[in-house]
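Peer 1: Dropping a prediction and its sequence here:
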Amino acid sequence: MKRRWIPARAALAAASAVVLAAVTLSPQQADASPTATTRAPSAAADASLAGTLVAALGDAVAGSYYDSALGRLVVNVTDEKAAGPVREAGAAPRLVEHSQAELDAARTELDSRINTPGTAWAADPRLNKVVVTADPTVAAADLAELKETARSLGSTVVVRRSAAKLTRFIAGGDAIWGARHRCSLGFNVTWPGHPNGGFLTAGHCGQAESRWSATNGGQTVAETRGWTFPGHDFAIAEYTAAVPHPSAVNPGQRAITGVGTATVGQAISRSGSTTGLRTGTVTAVNATVNYQEGQVTGLIETTACAGAGDSGGPLFAGDKALGLLSGGSGSCTMPVPAPRTYFQPVQGPLATYGVTIP
């Protein structure tokens, strides 16, 4: 599995050399009743509505996703009685076999029993199953063990083989340069008690490098102050001087005004110093990835491609920050196999370090 060291141009304006420029029950069709309340699609509204329905209906809700064909949020339900409230709220109910508790239990069991590098899994609400992916580096014996574990969990889990290797993309993005590695800046943050502020990037980047420059071999403009990896994958660096760093994502200097929660089916963008601005769709949340260094949980899975040097770069939707690039598979130059990337949700580092965006 590639951990993508993604240069996030979340960032710094570029004024000088010291400035970081910046699968058993067939899924039923979702209810598309014309009597359902209609509303303009919105990722933030979908996330809020999904949360409200979970709070109101509890175990009767088994995940949700945005269906672009319907133009509506689809909410999986395990009880036909829950379909009415879902429809009244403006979403499309869909009766499924497995409850969210069953899917969560299967995913937790996988987390505790499997740590083979090159494997990843997440609950796919469209399939109502936990989808396990094994890349080409997974040996036959390990794959057999993985399939046996999946069988023991019944119809909640399906195993797929991927032709693309899951690995880190370390390169020697907008780029932040360490002594040995290049990563991408994620998002600039306001940091109480630290007047110069700081930025977020991937934890494996912070683990590898203590000082950051805006150019290869250039003057230090930031120092790593904290990192977490594996388990989670985020780090924070503090600017060593009053460097201008608007809350924007390059290219295009899109302003980032707040934080959002990723929703399956949501259109997203990501940026990195190697591959620039790329788009895709959220395919899962709360995903688990096993790297050589260990397991990382709670990630956002997307179809956006990335490349070497992109680690730590920003995932966003409109003006809302969503996450930081951790790793993935595939590339931006070859359409087959389809790329898959994983992001650390930004809420984790914001809460851990007590920082805000912008």
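Peer 2: Everything's here; your move.
Peer 1: Spell out which residues make up each domain of the chain.
Peer 2: Domain assignment for the chain, taken from automatic domain parsing, gives 1-24+118-358, 43-95.
Peer 1: which residues of the stretch 1-150 of the chain fall in helices?
Peer 2: Applying DSSP state H, counting those that start in this stretch to the stretch 1-150 of the chain gives helices spanning 43-57, 83-88, 100-113, 140-152.
Peer 1: Run the angle between the longest one and helix 100-113 for me.
Peer 2: Between helix 43-57 and helix 100-113, the angle comes out at 100 degrees (axes from the mean of the first three to the mean of the last three Cα atoms, to 10 degrees).
Peer 1: residues near Arg160, how many?
Peer 2: 10 (other Cβ atoms under 10 Å). Placement of C-beta: from N, CA and C, glycine included.
Peer 1: returning to what we had before: just so I know, which of the helices of the stretch 1-150 of the chain lies nearest Cys205?
Peer 2: Smallest distance to Cys205 across the helices of the stretch 1-150 of the chain (Cβ to Cβ): 23.9 Å, for helix 100-113.
Peer 1: name the helices or strands packed onto the closest one?
Peer 2: Helix 100-113 sits against strand 61-67, strand 119-124, strand 129-134, helix 140-152, strand 276-291, with contacts defined as 3 or more Cβ pairs under 8 Å, 6 or more residues apart in numbering; DSSP states H and E.
Peer 1: To Ala106, which of the ones you listed lies closest?
Peer 2: strand 129-134 (4.8 Å).
Peer 1: Check the offset of that closest one from the chain's centre.
Peer 2: Centroid separation between strand 129-134 and its chain, computed with Cα atoms, centre = their mean, to the nearest Å, is 16 Å.
Peer 1: swap in stretch 83-98?
Peer 2: 26 Å.
Peer 1: same check, this time on stretch 294-312
Peer 2: The chain centre lies 6 Å from the centre of stretch 294-312; the measure is Cα atoms, centre = their mean.
Peer 1: start to end distance for it?
Peer 2: 18 Å (Cα to Cα, to the nearest Å).
Peer 1: So which bits of that stretch are buried?
Peer 2: Buried residues in stretch 294-312, counted by 16 or more other Cβ atoms under 10 Å: 295-297, 299-312.
Peer 1: Could you give the average pLDDT over that stretch?
Peer 2: Average pLDDT, stretch 294-312: 95.
Peer 1: now swap in stretch 123-135 and tell me
Peer 2: Averaging pLDDT along stretch 123-135 gives 97.
Peer 1: looking at it, Thr201 is touching Leu324, isn't it?
Peer 2: Yes. Counting by Cβ atoms under 8 Å, Thr201 does reach Leu324; the two are 6.5 Å apart.
Peer 1: Those two - which one has more neighbours?
Peer 2: Applying other Cβ under 10 Å to Thr201 and Leu324 shows that Thr201 carries more neighbours, namely 38 against 35.
Peer 1: so what's the backbone phi/psi at the closest residue to the more buried one other than its chain neighbours?
Peer 2: Once flanking residues are discounted, Thr201 sits nearest to Gly312: 3.3 Å by Cβ to Cβ, 6 or more residues apart in numbering. Taking degrees, to the nearest 10, you get phi 90, psi -10 for the backbone angles of Gly312.
Peer 1: Return the distance of the closest residue to Pro230 other than its chain neighbours relative to Thr288.
Peer 2: Leaving aside its chain neighbours, Pro230 sits nearest to Gly294 (3.2 Å; criterion: Cβ to Cβ, 6+ apart). Shown here: Gly294 relative to Thr288, a distance of 11 Å by Cβ to Cβ, to the nearest Å.
Peer 1: now swap in Gly313 and tell me
Peer 2: Separation of Gly313 from Thr288 (Cβ to Cβ) stands at 21 Å.
Peer 1: Neighbour count: those two, which is higher?
Peer 2: Per other Cβ under 10 Å, whichever of Gly313 and Thr288 has more neighbours is Gly313, with 42 against 23.
Peer 1: sec struct for Arg180, please.
Peer 2: Under DSSP: H, G, I helix; E, B strand; the rest coil, Arg180 falls in the coil class.
Peer 1: thought it was touching Glu209?
Peer 2: Yes. Using Cβ under 8 Å, Arg180 is in contact with Glu209, at 7.0 Å.
Peer 1: Who has more neighbours out of the two?
Peer 2: It is Glu209, of Arg180 and Glu209, that has more neighbours when counted by other Cβ under 10 Å, with 24 against 9.
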